[in-house]
Structure formats: C-alpha cells, structure tokens
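what shape does this take:
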Amino acid sequence: MSVKIRLVRVDSRLLHATVALNWNSFVNANFIAVVDPAHTDDPFFTKVMKLSFPDNHRVEFFSVEDLIEFINTPREEETLNLMIVFENVHALRQAIDLGLKVKEVQFPYPASRYLLKRLDDYFSPTEVQDIRAIQKKKVKLYFQTAPYDTKEYSVFK
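Numbers count the residues shown, from 1 in each chain. Sure thing, here's the model as predicted:
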C-alpha cells in the first residue's frame, strides 16, 4: 500500500465543519492524520473530534514522530489518501525536519484576511521563524479557506 498525501493544513481548530465537509471530500481523503502532540493521549478529545467524520474515514491523532513513522511504515493494504492537519506551525516544522516530504501547506485565512499584508500581522515572531525555516526547505505556504478559493501565496513571500 502506498500513502498519498492529498493535503497538508495548519489549523489550530483541527477538525471542524470546513475540514469535514469541504476539504475531506474535495481531496478524496480516506484517512485524516491530526498532529497535535497535546492530545494524542486524550481519548475523550480524540473521540469528540472523530465524530465530525463518517465511519468510513479513519481519523487518528499523532505526535510528530509517530506521524513520520506511520507514513514510512510499509503496508499491504489499499492506498491511503492522507490529509494531515497540524495544530500549529511548530509541529509542521518538526515534521519537515524529521523528513516529511510536502510541496505545499495550506493555512486557513484569518478573520481579518483583508488586513493581512505581512506575516507578522498574524503570526508571532516564533511562528515567523518556523515559517522561514520551512520555506528554506522549498515548501510553499498559502492561505486558502475553501476548496474553490484562490490560493494566496503573496503574504508568505
């Protein structure tokens, strides 16, 4: 079995209606990997998050290290169409530093998207450092909320 990464998203809200109803079906994901080290051992939280997806979709919570191991584990089952949702930019940076191979990463637009002109209008200095380190690995970052919205790369330049 192979793992095809269909979408990588950074969203502190993790799993919610936009992800469950729009992105999941748009990218044809059959497995959602949520990377949120703070909740990997919280069965109540993970159970509540899983309620937003149909039974035929697997949703699992991972630490950064466990995600990398999961992706690299050989399997004989059918292909996994994987959507990965990171809780924050730092977890994404850690995954990329550990070998996660992605070309692009999506962020949802903030509520004040029309006022957003520079990274530090929205991100903390530490997050900006993580973003720049990710970009040095040739990963493109963009804002996009819904599947048919235009990908907005300009803020990340």
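
show me which helix or strand of the chain is least confident by mean pLDDT.
Least confident helix or strand, the chain: helix 17 with a mean of 50, by mean pLDDT, DSSP states H and E.

what segments of the protein are strands?
Using DSSP state E, the strands found in the chain span residues 3-10, 31-35, 58-62, 80-86, 104-107, 140-143.

relative to the third one, what are the paired strands and their orientations?
Right, strand 58-62. Counting by DSSP bridges, the strands paired with strand 58-62 are strand 31-35 (parallel).

what angle sits between the partner strand and strand 3-10?
Strand 31-35 runs at 40 degrees relative to strand 3-10, counting by axes from the mean of the first three to the mean of the last three C-alpha atoms, to 10 degrees.

and the longest helix for this protein?
Longest helix in the chain, counting residues (DSSP state H): helix 125-135.

thinking again about what came up before, make TSV out of the strands of the chain and add distance to residue 97, mean neighbour count and mean pLDDT.
Yep, even glycine has a C-beta here, placed from its N, CA and C like the rest. Putting the strands of the chain into TSV (distance: least, C-beta to C-beta, whole Å; neighbours: other C-beta atoms under 10 Å; pLDDT from 0 to 100) gives the following:
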stretch	distance to residue 97	mean neighbour count	mean pLDDT
strand 3-10	15	19	92
strand 31-35	13	23	88
strand 58-62	16	20	85
strand 80-86	13	23	90
strand 104-107	14	19	94
strand 140-143	16	18	94
